[in-house]
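Student: my questions concern the predicted model and sequence given below.
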Amino acid sequence: MYFHRNVTNLNKAKIFYGEVQGLELLTENPDYNWCNFSLPASGISLSLTEDLKRGNKYKSVDRLEFSTNNLHAVKEKLEPVGIETGEITDLPGILSMFNIYDPDNNWVTFIGPPRVSE
């Protein structure tokens with residue numbers, strides 16, 4: 001499980017969450033302005049993305065992210081009960097993902113292993 005937070009300055013956020021808060025930096029990808037920290041609870045992490053779209057509808061997007069080994073199985077479970085799922089998006093060599101919205105229109109993301117290599 002991931003908690004995702006958009007930030008305005010990834011370097012400052014990495015210092016805050018890593019050095020100040022003492023979280024362990026697990027992964028980072030400068031090409032996507034993204035990094036991932038472990039949280040104290042087992043199996044939960046914090047993903048940070050520098051928000052390059054400030055000023056539009058993505059101004060402050062926080063979302064819950066679930067990891068899965070099979071994105072298609074999750075889609076097949078959600079769609080028959082009326083939950084609209086987005087298309088699977090690929091970040092080659094990193095991950096594949098799709099989004100849904102909960103009943104309060106909060107963004108929820110499902111992340112799986114990359115379907116596309118680099």
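Tutor: All right, it came through fine.
Student: ranges for the helices of this protein?
Tutor: If DSSP state H is used as the criterion, the helices of the chain fall at 10-14, 71-78.
Student: state the distance from residue 79 to residue 86.
Tutor: Separation of residue 79 from residue 86 (Cβ to Cβ, to the nearest Å): 11 Å. (Glycine included, C-beta is placed from N, CA and C.)
Student: just residue 42 next, same as before
Tutor: In terms of Cβ to Cβ, residue 42 sits 29 Å off from residue 86.
Student: looking at these two, which is more packed in?
Tutor: residue 86 (14 against 6; other Cβ atoms under 10 Å).
Student: I figured the more buried one hits residue 107, correct?
Tutor: No - taking contacts as Cβ atoms under 8 Å, residue 86 lies outside contact range of residue 107: 9.9 Å.
Student: what residue of the protein is the furthest out?
Tutor: The centre of the chain is farthest from one residue, residue 80, which by Cα atoms, centre = their mean lies 24.3 Å away.
Student: ok, that one to residue 13 distance?
Tutor: Residue 80 is 39 Å from residue 13, by Cβ to Cβ.
Student: then residue 112?
Tutor: Look at residue 112 and residue 13: by Cβ to Cβ, they are 25 Å apart.
Student: and the worst-scoring helix or strand of the chain on mean pLDDT, what's buried?
Tutor: Least confident element among the helices and strands of the chain, by mean pLDDT, DSSP states H and E: strand 62-67 (a mean of 77). For strand 62-67, a neighbour-count test (16 or more other Cβ atoms under 10 Å) marks 63, 65 as buried.
Student: burial measure for residue 112, as a count.
Tutor: By other Cβ under 10 Å, 20 other residues sit near residue 112.
Student: hmm, back to that, what do residue 86 and residue 107 both touch?
Tutor: Common contact partners of residue 86 and residue 107 (Cβ atoms under 8 Å, 6 or more residues apart in numbering): residue 99.
Student: what residues are up against residue 116?
Tutor: So residue 116 contacts 90, 92, 93, 96 (Cβ under 8 Å, 6+ apart).
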